[in-house]
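Engineer: Quick check, what structure comes out for this input:
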Amino acid sequence: MRFLGSLALLPLLILAPIGCGSSDKTESDPSLIKSELPREVSPAASPTDVKELAASNANFAFDFYHASVTKGGKENVFFSPHSLSTALAMTYAGANGTTAQEMAHALRFTASSERLHPAFNALDLALANRGQGQRGADGQPFRLRVVNSLWGHQNTTFLSPFLDTLAVNYGAGMRVVDFVGATEPARVAINRWTERQTEGRIKDLIQPGALPLDTRLVLVNAIYFNAEWRSPFSKQSTASQPFTLGDGTSTNADLMHRTTSFPYAEGDGYQAVELPYAGNETSMVVVLPKEGTWATFESSLNGDLYQKITSGLTVQAVNLALPKFRIEGASVSVKAPLRALGMSAAFTRAADFSGIVSPKEDQLYISDVVHKAFVNVDEKGTEAAAATGVIMESVSAPQNPKVFTANRPFFFFIRDIPTGALLFVGRVTDPKN
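Structural biologist: A predicted model of the protein is given here:
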């Protein structure tokens, strides 16, 4: 699985009806179905709730990684677990029975729905305030943008409690489209929205033919990140040096160099260094397994190890060499790894999404979940983007600095420091591919 993006991520869920009954719905605004309730800007979620959510999402991130990538594979990997979790959490808001139980288990949610959705809201509001007055990698203002949207079929009656939950906690209204008579215009509209939210980095999230005629609802989450390093690298210090690829062969890569103080940690089989972005609220954590231990380390990578690594970081002088890299991937289905994590019923005609649409009108199930991501890392900073769609159908240095030379495969994680939220996960085996 290869994901590429500019630190932007969208989850897309496509839901379709099992049955075929529907009723007309008259709205004052025919293009937008919106709850009368406003976004809650002071959600009833404690800091403990937010940290619990961040830990749950991190556990999901690594479980999803192991379920979706080839261990010891040669390909680069990049995705946004935050985008996936958010898009699926919105869908979970309308799930009941076994479907809801399996989704909570697969997504590693530990909080009740009453606590979960306000915690997502609190986390989202916190992320929206990051980087005030700071710059992005492109010299423009810092951006960390997380946005959600719903796209519903024009003749389907969606239940008010579902729309209320998404409006209050996710700031999402529903755009009305015709998935039956104007499927292609609907697909194009969703893709254009996604492209705008990710500043052009995520294009064609939904591929031609991906929306069945029975599509009733598409839920999309987009995340875009553009940040300057707190201490940018000098281009004059970048040099072409050997890099050992995942298959053991060697190539040359452009390695950026800097010797200064960084949060740093060492453990059994790894080194880790944290590169803060401007404002010191977000960062990239780079983890370099020791030579000869790649497979063992990759197999052990989970939420507990990630927590151990990040909690063990202390400021030390580091002589850092890190390659520039860019990962850009295709839109791919992530249905198989979600099933492997235990989310089965949601993808079958036995799914229970009775919290979204009355079963008397339509029975919905998830026909696919697609994801696409992009990241670019250079001397100035990082740009990343990703999108997830859920498609629902009817049914200064001391004398002895630590040496951190990433001249072989490594992992990287982009995180929000105050909340601990894991926004992006990546594996680099070839910086030039």
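Engineer: Please count neighbours and contacts with C-alpha atoms only from this point.
Structural biologist: Fine.
Engineer: Please name the nearest non-neighbouring residue to the residue nearest the centre of the chain.
Structural biologist: By C-alpha atoms, centre = their mean, the chain has its centre lying nearest to Ser80, at 2.2 Å. Once flanking residues are discounted, Ser80 sits nearest to Phe424: 4.4 Å by C-alpha to C-alpha, 6 or more residues apart in numbering.
Engineer: Could you do Gln134 as well?
Structural biologist: Once flanking residues are discounted, Gln134 sits nearest to Phe142: 5.4 Å by C-alpha to C-alpha, 6+ apart.
Engineer: which residues does that neighbour contact?
Structural biologist: Phe142 makes contact with 131-136, 225-228, according to C-alpha atoms under 8 Å, 6 or more residues apart in numbering.
Engineer: in the sheet, who's paired with Phe410?
Structural biologist: Counting by DSSP bridges, Phe410 forms beta bridges with Val428.
Engineer: Contacts only, for it.
Structural biologist: Applying C-alpha under 8 Å, 6+ apart, we find Phe410 in contact with 286-289, 427-429.
Engineer: Likewise for Tyr170?
Structural biologist: Here Tyr170 is in contact with 39, 90, 120-121, 148 (criterion: C-alpha under 8 Å, 6+ apart).
Engineer: after the helix ranked longest in the chain comes which helix or strand?
Structural biologist: Longest helix in the chain, counting residues (DSSP state H): helix 47-68. Counting by DSSP states H and E, the next helix or strand C-terminal to helix 47-68 is strand 77-79.
Engineer: That next one pairs with which strands, parallel or anti?
Structural biologist: Looking at strand 77-79 with DSSP bridges, its partner strands are strand 422-428 (antiparallel).
Engineer: So which bits of the partner strand are buried?
Structural biologist: Buried positions in strand 422-428, judged by neighbour count with 16 or more other C-alpha atoms under 10 Å: 422-428.
Engineer: now do stretch 198-217
Structural biologist: Neighbour-count burial for stretch 198-217 flags 198, 201-206, 210-217 (criterion: 16+ other C-alpha under 10 Å).
Engineer: Next: stretch 316-333.
Structural biologist: 316-333.
Engineer: Repeat that for stretch 52-71.
Structural biologist: Buried positions in stretch 52-71, judged by neighbour count with 16+ other C-alpha under 10 Å: 52-68.
Engineer: In the stretch 301-433 of the chain, what residue spans correspond to helices?
Structural biologist: Here the stretch 301-433 of the chain has its helices, by DSSP state H, counting those that start in this stretch, at 303-311, 335-340.
Engineer: Of these, flag the one that's most buried.
Structural biologist: helix 335-340 (a mean of 17; mean count of other C-alpha atoms under 10 Å).
Engineer: hey, C-alpha coordinates of that one in PDB?
Structural biologist: What follows is helix 335-340 as a C-alpha-only set of coordinates in PDB (Å, rounded to 0.1, in the frame of the first residue of the first chain):
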ATOM      1  CA  LYS A 335     -11.700  -2.000   3.000                       C
ATOM      2  CA  ALA A 336      -9.600  -5.200   3.400                       C
ATOM      3  CA  PRO A 337      -7.400  -4.000   6.300                       C
ATOM      4  CA  LEU A 338     -10.500  -2.600   8.100                       C
ATOM      5  CA  ARG A 339     -12.200  -6.000   7.700                       C
ATOM      6  CA  ALA A 340      -9.000  -7.600   9.100                       C
END
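Engineer: Which other helices and strands does it contact?
Structural biologist: helix 47-68, strand 364-377 (3 or more C-alpha pairs under 8 Å, 6 or more residues apart in numbering; DSSP states H and E).
Engineer: Show me what it is in contact with.
Structural biologist: Residues contacting helix 335-340 (C-alpha under 8 Å, 6+ apart): 64, 67-68, 106, 344, 368-370.
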